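# got a sequence here, can you model it:
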Amino acid sequence: MTQTTPQQCDFSPILVADIGGTNARFAIATQFDAHSNTFTIEHLRIYPSADFNAFEAAISKYLDELPIPQPTRACLAVAGPIKSQQVYLTNLGWHFNAETVQQQFGFDTLLVINDFAAFAYAAPYLDGSKNLNIKPGQAQAAANIAVMGPGTGFGAACLVRDINGTAVMSCEAGHISLAPVTELDRQLLAVLKANNQHVSVETVFSGPGLVRLYRAMAEVKGKPAQDLTAAQIAESATSCEICDATLNHFCDWMGSVAGDLALTFGALGGVYIGGGILPRMTERLLHSRFIDRFSEKGLMSQYTKQIPVTLVTQENIPFIGAAACLHGRKS
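Numbering: from 1, shown residues only. Predicted coordinates for the structure are as follows:
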């Protein structure tokens, strides 16, 4: 495994990027402070991804506008699969070869990692004062850390730590089969199975999944479902019984999923939850059964009860993770 905890040393700037279906975000990690365990992120630029027909055009624009000399190192966090050196951003139709980009733009080093891998690399550098503890616990300093979260899809990864160092394990946890725990879970799952060939975690825990859960909840409750988007479901919760029940159950069931993944990853170092959905409903999450359902794991309940869970609301996580990934590598 490679050591990913930067030591106090001279810091060579790193071009970092967060490439998603909506925006291509670029910045420079200009400094690392070992005392405060923080990276300094500067020269941020955000470009609508739809303005470019290829990744190369987006990074070229950023470099043309950069007011400082181009860094010789770069790490890109992308929302898409990476196979060898081939990078695919399906929602954009972008495809590029990392080695070709490295040569084209003259980087000595260029790494491309999944966006949730970047989240995992960032975990040891998060600022506790900028995030929300949603489940107390006692994190073990040298144990694994799990990161996960629902957004456009559902992502997860693990920062694996042992006596030899640390490494990040990416995975496709969003596509594991969703397990029911309560009777309401089972009723909802039966409706979801009637309309989906495979009911995965992402089938429910994502933006489109929230709509599916709302429709299933309406059917289980014997109420008509309206044609609502995820945002409209959230906005209507105070006046719509089914919307309210949907959001409550989203938080409850998410607790079981997070607990399952904590067990899977052996995440005694803590669980960090991000994504674009839960940070917008923090009060509901705090008043839900998330903690109970996270912890209720039969013979392993004492194991999960000790694991702290943090809702990450801090900005620039992909930049921090990209910088940590590259800076921590042995040259």
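
# biggest helix in the chain, by residue count?
Secondary structure of the chain per DSSP state H: the longest helix is helix 241-265.

# how about the strands in the stretch 201-331 of the chain?
Secondary structure of the stretch 201-331 of the chain, counting by DSSP state E, counting those that start in this stretch: strands at 271-273, 309-311.

# possible to save these as TSV with distance to residue 84, mean pLDDT and mean neighbour count?
Yep, even glycine has a C-beta here, placed from its N, CA and C like the rest. What follows is the strands of the stretch 201-331 of the chain, written out as TSV (distance: least, CB to CB, whole Å; pLDDT from 0 to 100; neighbours: other CB atoms under 10 Å):
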stretch	distance to residue 84	mean pLDDT	mean neighbour count
strand 271-273	28	98	27
strand 309-311	34	97	23
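
# redo those as TSV? Include distance to residue 193.
Converted to TSV, these look like this (distance: least, CB to CB, whole Å):
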stretch	distance to residue 193
strand 271-273	26
strand 309-311	29
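
# and those: which comes nearest residue 328?
strand 271-273 (17.9 Å; CB to CB).

# tell me the strands beside the closest one, with direction?
Sheet pairing of strand 271-273 (DSSP bridges) gives strand 145-150 (parallel), strand 309-311 (parallel).

# could I get the ones you listed as JSON lines with distance to residue 236?
Formatted as JSON lines, these follow (distance: least, CB to CB, whole Å):
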{"stretch": "strand 145-150", "distance to residue 236": "19"}
{"stretch": "strand 309-311", "distance to residue 236": "23"}
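
# for residue 90, report the pLDDT, please.
What the model reports as pLDDT for residue 90 is 72.

# report how many residues lie close to it.
11 (other CB atoms under 10 Å).

# residue contacts, it?
80-81 (CB atoms under 8 Å, 6 or more residues apart in numbering).

# low pLDDT regions in this protein?
1-9, 330-331 (pLDDT under 70).

# at 80 instead, please
1-10, 90-91, 328-331 (pLDDT under 80).

# the helices in it, which residues?
Using DSSP H, helices in the chain cover 55-65, 98-105, 115-122, 183-195, 201-204, 207-221, 230-235, 241-265, 282-286, 290-295, 301-305, 317-327.

# tabulate those (a markdown table), appending distance to residue 24.
Formatted as a markdown table, the helices of the chain follow (distance: least, CB to CB, whole Å):
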| stretch | distance to residue 24 |
| --- | --- |
| helix 55-65 | 4 |
| helix 98-105 | 13 |
| helix 115-122 | 12 |
| helix 183-195 | 34 |
| helix 201-204 | 24 |
| helix 207-221 | 20 |
| helix 230-235 | 23 |
| helix 241-265 | 29 |
| helix 282-286 | 28 |
| helix 290-295 | 33 |
| helix 301-305 | 38 |
| helix 317-327 | 12 |
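
# of these, which is nearest residue 153?
Residue 153 lies closest, by CB to CB, to one member of the helices of the chain: helix 201-204, at 5.2 Å.

# give me the contacts around that closest one.
For helix 201-204, using CB under 8 Å, 6+ apart, the contacting residues are 150, 153-154, 173-178, 192, 196, 209-210, 212-213, 250, 253, 257.

# among the residues you listed, name the buried ones.
Buried subset of these (neighbour count, 16 or more other CB atoms under 10 Å): 150, 153-154, 173-174, 176, 178, 192, 196, 209-210, 212-213, 250, 253, 257.

# and these, which is closest to residue 132?
residue 150 (16.1 Å).

# residues in contact with the closest residue to that closest one other than its chain neighbours?
The shortest distance from residue 150 to any residue other than its chain neighbours is 4.0 Å, reached at residue 205 (CB to CB, 6 or more residues apart in numbering). When contacts are counted by CB under 8 Å, 6+ apart, residue 205 touches 150, 154, 174, 250, 253-254, 257.

# same question for residue 29.
So, once contact is read as CB under 8 Å, 6+ apart, residue 29 ends up touching 13-14, 16, 39-41, 319-320, 322-323, 327.

# ok, what's across the strand from it?
residue 14, residue 41.

# okay, it and residue 122: tell me how far apart.
Going from residue 29 to residue 122 by CB to CB, to the nearest Å gives 11 Å.

# give me the common contacts of those two.
With CB under 8 Å, 6+ apart as the test, residue 29 and residue 122 both reach residue 320.

# need the contact list for the closest residue to residue 216 other than its chain neighbours.
What sits nearest to residue 216 in space, not counting adjacent residues and going by CB to CB, 6+ apart, is residue 191, at 4.1 Å. Counting by CB under 8 Å, 6+ apart, residue 191 makes contact with 215-216, 219-220.

# what about 10 Å?
199, 212-213, 215-220 (CB atoms under 10 Å, 6 or more residues apart in numbering).

# again with residue 199
Counting by CB under 10 Å, 6+ apart, the residues that residue 199 touches are 177-180, 188-193, 209, 212, 216.

# okay, the residues you listed in JSON lines with distance to residue 96 next?
Output for the contacts of residue 199, formatted as JSON lines (distance: CB to CB, whole Å):
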{"residue": "177", "distance to residue 96": "33"}
{"residue": "178", "distance to residue 96": "33"}
{"residue": "179", "distance to residue 96": "37"}
{"residue": "180", "distance to residue 96": "41"}
{"residue": "188", "distance to residue 96": "40"}
{"residue": "189", "distance to residue 96": "39"}
{"residue": "190", "distance to residue 96": "43"}
{"residue": "191", "distance to residue 96": "41"}
{"residue": "192", "distance to residue 96": "36"}
{"residue": "193", "distance to residue 96": "38"}
{"residue": "209", "distance to residue 96": "29"}
{"residue": "212", "distance to residue 96": "33"}
{"residue": "216", "distance to residue 96": "39"}
